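Visitor: Turn this into a structure:
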Amino acid sequence: MQENEVVRSLAALAQEVRLRVFRALVVAGQTGLTPGALCEQLGIAPNTLSFHLKELTHAGLVSQERQGRNLIYRASFTAMASLMAYLTENCCQGAPCAANESAAPACDC
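Guide: Sure, this is the predicted structure:
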């Protein structure tokens, strides 16, 4: 992942509504969600959701697919994994991290 892509992804996620939308799509998995389902689940107005979905799509974090009359939005797990890999690439000065009880990396840095 290029640095400009990382910045675009982090900027897209650095907004409360977009972060909530992205997390809801991650939970939905490959099934994805329609805008109507997202509006209902998150209590977001349709025009507001449309704006935020556009920003997430532009950042490459969300994909959109037309199924008949519906649009289905899905989190891009590839983009998410690439972002996480970029952020943790030099964790612990390149040494493997020991996992603690919470399954989060524990660095002795």
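
Visitor: contacting residues around the spatially most central residue of the chain?
Guide: The centroid of the chain falls nearest to Phe22 when counting by C-alpha atoms, centre = their mean (4.5 Å). For Phe22, the contact set (C-beta atoms under 8 Å, 6 or more residues apart in numbering) comprises Ala12, Leu13, Leu56, Leu61, Val62, Ala75. C-beta here means a position set from N, CA and C on the backbone, and glycine is covered the same way.

Visitor: Find the residue closest to Leu83 in space, skipping its chain neighbours.
Guide: The shortest distance from Leu83 to any non-neighbouring residue, by C-beta to C-beta, 6 or more residues apart in numbering, is to Ser9 (5.1 Å).

Visitor: Would you mind measuring from that neighbour to Ala75?
Guide: Shown here: Ser9 relative to Ala75, a distance of 12 Å by C-beta to C-beta, to the nearest Å.

Visitor: Strands along the chain, start to end?
Guide: Here the chain has its strands, by DSSP state E, at 62-67, 70-75, 98-99, 105-106.

Visitor: Tell me which of these approaches Leu87 most closely.
Guide: Leu87 lies closest to strand 105-106 among these, at 11.0 Å (C-beta to C-beta).

Visitor: Kindly provide the whole-number mean pLDDT of the closest one.
Guide: For strand 105-106, mean pLDDT rounds to 48.

Visitor: Likewise for stretch 90-100?
Guide: What stretch 90-100 shows for mean pLDDT is 67.

Visitor: Repeat that for stretch 67-74.
Guide: Mean pLDDT, stretch 67-74: 96.

Visitor: Could you pull out the buried residues of it?
Guide: Ile72, Tyr73, Arg74 (16 or more other C-beta atoms under 10 Å).

Visitor: which residues sit against it?
Guide: Counting by C-beta under 8 Å, 6+ apart, residues outside stretch 67-74 touching it are 25, 28-35, 38, 53, 57, 62-66.
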